[in-house]
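Chemist: need coordinates for the below:
(one chain, ligands or ions: 1)
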Amino acid sequence: MNIKYFKKLVLITIVFCLLILVSVQSSAQYLTTAGQVIHEKFWAPNSYLFGHLMEKTIYQTPIFHFDSKQKGPVVLIIGGTHGNEAAGFEAVHRLLEQFSKNGIKQGEIFLIPEANKLAVDNNKRRIPVPADVDIEKGNLNRCYPGDLKGLPMEKEAYEIAGLIKNNNINLVLDLHESRKLHMETVKPDGSYSGLGQTLIFTPDEDAAWLGMIVLDQLNGSIDSEQNQFSMVERPIKNSTAWMAGEIFGIPGFTVETYRGLPLADRIRYHVQIVNIILKEKGMI
Ligand SMILES: [Zn+2]
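Modeler: Presented below is the predicted three-dimensional model:
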C-alpha cells in the first residue's frame, strides 16, 4: 500500500471512530434500549416536530404533532414532567412510534415526551432552585399556570399553557409514577398517601366517563386486585391536569403507575390507558 492511501485510510478510520463516539454520547442513556431507538429516530429532523419548549436553553425539549386533517379532539400527552418517573416518558416515546406508523383517524395529538428535560437527564423529580426559593419551583407539576418572568419551570409551564390555548387543546394526559400503591395506603377515613395505579381526573363529566371506560377495559386484564387502577378526583393544585380543569375548563388526567411493578408493565399500562381514551374519542 502506498503512503497516500495509508494516510487516507487512517483519516477515514479516525472520522469513523469519532462518529461512533458522538453517536454513543448523544444516545439517551436514561432510556431503555427500545426507547433509545425511538429517541434517535425522532430527535433527528422529522416532519412531526412541532417546535420546542424553552428554546435555546438547557431546558429545551421538543413538542411533536400529529394531525389527521380531520376535525376532532385535540389532545396533549406529556411524559417526563417528573424526571424520575421513567414509565411516563418511555410510554410517550412508544406513542410517538405508534402514531407515526398508524396515524390517527381524526383530530390532532401533541406530544411532549420529556417535559422537564434536565430532570429527565438527571433522573430527578425536579430541578434545583436558588437556596432562598421554595424547592417546588423546580417541580414543573407545581408551577402551572406558569410565569413568563419566573424561574425556568415557571416559564416552561407558561409555555405549555400557551400551547394549550393557542392550539385549542381540549384534553390533557400527563403520565406519572408513584412510589406507593394507592390501594395499600387508603385509610378507613378515605385519606391516602400513595397514588400508584390511579387516574387522577378533573372534576367534570367527560373525564369521569373516560376514567370509567379505562377502568372497565383495563382492570379485567390485571390479575392482582391490588394492582388494578382506581380513580381519584381532583389533581393537585398547580399541576398540569389541575390547570386543564381550573384554567381551561377541559378534562385532564394525571395517570399514575406504581413504581414497585416491573418497568415493562408500567410502560404498557400507560400506553394502554392512552389508547383506550383515544379509541373512545374515535381518534385511533
Ligand atoms: Zn409525578
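
Chemist: quick check, Met231 in a helix?
Modeler: No - assessed with DSSP: H, G, I helix; E, B strand; the rest coil, Met231 is strand; it does not lie in a helix.

Chemist: what residues are up against it?
Modeler: Neighbouring residues of Met231 by Cβ atoms under 8 Å, 6 or more residues apart in numbering: 198-201, 208, 211-212, 215. (C-beta placed from N, C-alpha, C; glycine too.)

Chemist: including neighbour count, could these go into JSON lines?
Modeler: Output for these, formatted as JSON lines (neighbours: other Cβ atoms under 10 Å):
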{"residue": "Thr198", "neighbour count": "24"}
{"residue": "Leu199", "neighbour count": "26"}
{"residue": "Ile200", "neighbour count": "24"}
{"residue": "Phe201", "neighbour count": "27"}
{"residue": "Ala208", "neighbour count": "16"}
{"residue": "Gly211", "neighbour count": "25"}
{"residue": "Met212", "neighbour count": "13"}
{"residue": "Leu215", "neighbour count": "17"}
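
Chemist: which one among the residues you listed gets closest to the ion?
Modeler: Ile200 (10.3 Å; Cβ to the ion).

Chemist: without its sequence neighbours, what residue ends up closest to that closest one?
Modeler: Nearest non-adjacent residue to Ile200, counting by Cβ to Cβ, 6 or more residues apart in numbering: Thr254, 4.1 Å away.

Chemist: so that neighbour sits against Asn238, correct?
Modeler: No - the criterion here is Cβ atoms under 8 Å, and Thr254 misses it with Asn238 at 12.0 Å.

Chemist: those two: which is more packed in?
Modeler: The neighbour comparison of Thr254 against Asn238 (other Cβ atoms under 10 Å) goes to Thr254, with 28 against 18.

Chemist: before we move on, the earlier item: closest to His52 out of the contacts of Met231?
Modeler: Among the contacts of Met231, Ile200 lies closest to His52 (Cβ to Cβ), at 27.8 Å.

Chemist: before we move on, which element is that closest one in?
Modeler: In this assignment (DSSP states H and E), Ile200 forms part of strand 198-201.

Chemist: tell me if that strand is near the ion.
Modeler: No - for strand 198-201, no contact with the ion is found by Cβ under 5 Å from the ion; the gap never falls below 10.3 Å.

Chemist: in the protein, which residue is most central in space?
Modeler: Taking Cα atoms, centre = their mean as the criterion, Gly79 is the residue nearest the geometric centre of the chain, at 1.0 Å.

Chemist: list the contacts for that one?
Modeler: 88-93, 112-115, 175.

Chemist: if I look at it, how far off is Val37?
Modeler: Per Cβ to Cβ, to the nearest Å, Gly79 is found 16 Å from Val37.

Chemist: average pLDDT for the host helix or strand of Lys7?
Modeler: Assigning secondary structure by DSSP H and E places Lys7 in helix 3-26. In this model, helix 3-26 has an average pLDDT of 68.

Chemist: change the start of the numbering to 21 and stick with it
Modeler: With the count now opening at 21, the last piece we talked about shows up as helix 23-46.

Chemist: my read: Leu73 touches Ala177, true?
Modeler: No - with contact defined as Cβ under 8 Å, Leu73 does not count as touching Ala177 (9.7 Å).

Chemist: between those two, which is the more surrounded one?
Modeler: Each of Leu73 and Ala177 has its neighbours counted (other Cβ under 10 Å); Ala177 has more, 28 against 23.

Chemist: this completes my enquiry, with thanks.
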